[in-house]
Each structure stands twice: as C-alpha cells, then as structure tokens.
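*Asks:* return atomic coordinates for the entry below.
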Amino acid sequence: MSSPAHAYTRLHRLALWVAIAVFAAALTAVLATGRADGAARVSVLGAAAPAAPSCPTSCQAIGKTTGFQTSITGARSPFAVPFRGRIVAWSIKTGAPSTKPNPQNNNQSDYDFFVKTFGGTPKARISVLKPIMKQIKQGHQIYKLKQQSPVEDLSQYLGQTTTFTLDTPLRVKPNNIVALTVPTWAPAFAINQAANTKWQASRKKGKCNETADILAGTPQDALGSQRAYGCTYNTARLLYSATVVADPSQKPAKPPKKKSKK
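*Replies:* Residues are numbered from 1 along each chain as shown. Now for the predicted structure:
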C-alpha cells in the first residue's frame, strides 16, 4: 500500500465508452429541456483513450483537493470549456480498494486505510473554475470558483464508471475549467502514464507530496473564492469527464413572408 503522500501524484485516461454513456445522459437532459431541433452541440470534456484505475492492484487515490488535467498525452487543456452552455452530466471511473487486511497498513484493508486517513467515505463533485487572467501567484494561475455540483458519495459505485445527471445544469462560458473536487478521497486515479500527461491541484506551492501537507490541505469549496493551483503532477490522470451542451448560437430564422400577387 502506498503512503498517502503518493496517493495523489499519478492518474490516467478515462475509458472511451464512458463518453458514450455520458453522451446518452446528455441527450436525455437536452430533450428534457424541450429542444427537439437537433441542433445542440455536445462536448465531453476529458474523454480519451481507456485507462485503468490503480486500485486494487497498486491502490492509490486522490484526497482533499480540487484538481484538473492540464494535458493528456500532450493534448492540452482537455477540461477547458469550448463554448457557452451547460454541464448536464459528469462521470467518474473508480477502482475498488481491497477490503482484505493488508500487512502494510497495520492489517487495515486499503478501503479502511483511506477512510481513516481522510476522515470519511469516498466522495466527489465537479467544480467550474474561471481563470483570473491577469493574476499569477508564484508562477501559478489563479482560479475563481464559480459553480459546483452536489457532492456524491461514491461508496456504492467503487469499481465501476458512474454517470451523474445534474438536475440543475451548471452554466459555463468559454475557457472555464471543469475540475474534480474531492472533500475526502476518491480512487479515480490512474498511474504510470505518459510523461506529457499532467494535472494540477489546489495545493500550495511546495506543499505537494509530504503526507502532513496533503492531509492539511483542503479542496476549493467556497463559491467566489480564488486560489492558486500550486502543485503540478506528471504521469498520472484523474478519471472523470463532464458533458457540456452548447447554448443555441442563434434563434431559428423566421421564414420569409410570401409576396402577395397583384
């Protein structure tokens, strides 16, 4: 079992079929809004080639932070919103921590180890961040928290991919970032990825890897708050995605009036 300090520094890619499931949820949400013109644009942020969570084989998790991918195998800004619209659903792919005693954890199971270390069952939500373009702190971009989805308890979803359709979609604008917020811990984490796969966390610079620093950290939870994302991690990936439906670009054109014959 890895120490808590190493439980957050590596992630990977979301299974491609997750995008299909999320798209289906998005389509349902779009139809529920009454838009039946077939003109909706849908983008699944974070969808990429398949990746397996580290649990249970080499069980690691992300804990007590807000984070997002800055690149996936070199593709930059995979969680940047491309257009004005609404997040209608999000997905998370989790591993299943072992429930058997582990000698490396004083005979605690991996699951019990995470619960005790992070003070609760696995939970997560998504957050919408706005880059504050002209504000840089110690070389790191500052982000303002604009919106959040409800917190979801992941206990019953471990070892599977789960899609949460939002009863109240989250409004987003171009260049907003959709991040994963973890109040406790979540085994939505793939390791040993390509060197050009990176993510950032809402931790202070220099407080990125030590156990005490990570356990003292907190996710970005207060709406309107601003925070520098001071830690960058390589070769790992957070396994989540978000489905955005674009606002109509324009109202349907009115048919031209027929000219009356004289």
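
*Asks:* sheet-wise, list the partners of the helix or strand encompassing residue 66 with their directions.
*Replies:* For residue 66, the element it lies in under DSSP states H and E is strand 62-72. Here strand 62-72 has these sheet partners by DSSP bridges: strand 75-76 (antiparallel), strand 177-186 (antiparallel), strand 198-201 (antiparallel).

*Asks:* wait, which of those strands is closest to residue 94?
*Replies:* strand 177-186 (6.5 Å; Cβ to Cβ). Placement of C-beta: from N, CA and C, glycine included.

*Asks:* for residue 91, give its distance to residue 213.
*Replies:* 30 Å (Cβ to Cβ, to the nearest Å).

*Asks:* looking at the two, which is more packed in?
*Replies:* Neighbour totals were compared for residue 91 and residue 213, and residue 91 leads with 25 against 15 (other Cβ atoms under 10 Å).

*Asks:* okay, the more buried one: pLDDT?
*Replies:* Among the per-residue scores, residue 91 holds a pLDDT of 97.

*Asks:* can you check the one 10 residues further on too?
*Replies:* For residue 101, the model assigns a pLDDT of 89.

*Asks:* what about it, neighbour count?
*Replies:* 12.

*Asks:* from residue 115, how far out is the residue lying closest to it once chain neighbours are set aside?
*Replies:* Using Cβ to Cβ, 6 or more residues apart in numbering and skipping residues adjacent in sequence, the residue nearest residue 101 is residue 107, 4.3 Å away. Using Cβ to Cβ, residue 107 is found at 15 Å from residue 115.

*Asks:* how about residues contacting the helix or strand containing residue 146?
*Replies:* Assessed by DSSP H and E, residue 146 sits inside strand 140-148. With Cβ atoms under 8 Å, 6 or more residues apart in numbering as the test, strand 140-148 has contacts from 125-132, 135-136, 170-172, 176-177, 181, 200, 202, 205, 220-230.

*Asks:* so which of the residues you listed are in strands?
*Replies:* 125-132, 135-136, 170-172, 177, 181, 200, 226-228 (DSSP state E).

*Asks:* select only the buried ones of the contacts of strand 140-148 in ChimeraX?
*Replies:* The ChimeraX selection below is limited to those of the contacts of strand 140-148 classed as buried (16 or more other Cβ atoms under 10 Å):
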select :125,126,127,128,129,130,170,172,176,177,181,200,202,220,227,228,229,230
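
*Asks:* any idea how far residue 232 is from residue 85?
*Replies:* From residue 232 over to residue 85 the distance is 28 Å, taken as Cβ to Cβ.

*Asks:* same question for residue 188.
*Replies:* From residue 188 to residue 85 the distance is 24 Å (Cβ to Cβ).

*Asks:* in stretch 195-204, which residues are buried?
*Replies:* Buried residues in stretch 195-204 (16+ other Cβ under 10 Å): 197-204.

*Asks:* and what of stretch 62-81?
*Replies:* So for stretch 62-81, counting by 16+ other Cβ under 10 Å, buried means 62-72, 78-79, 81.
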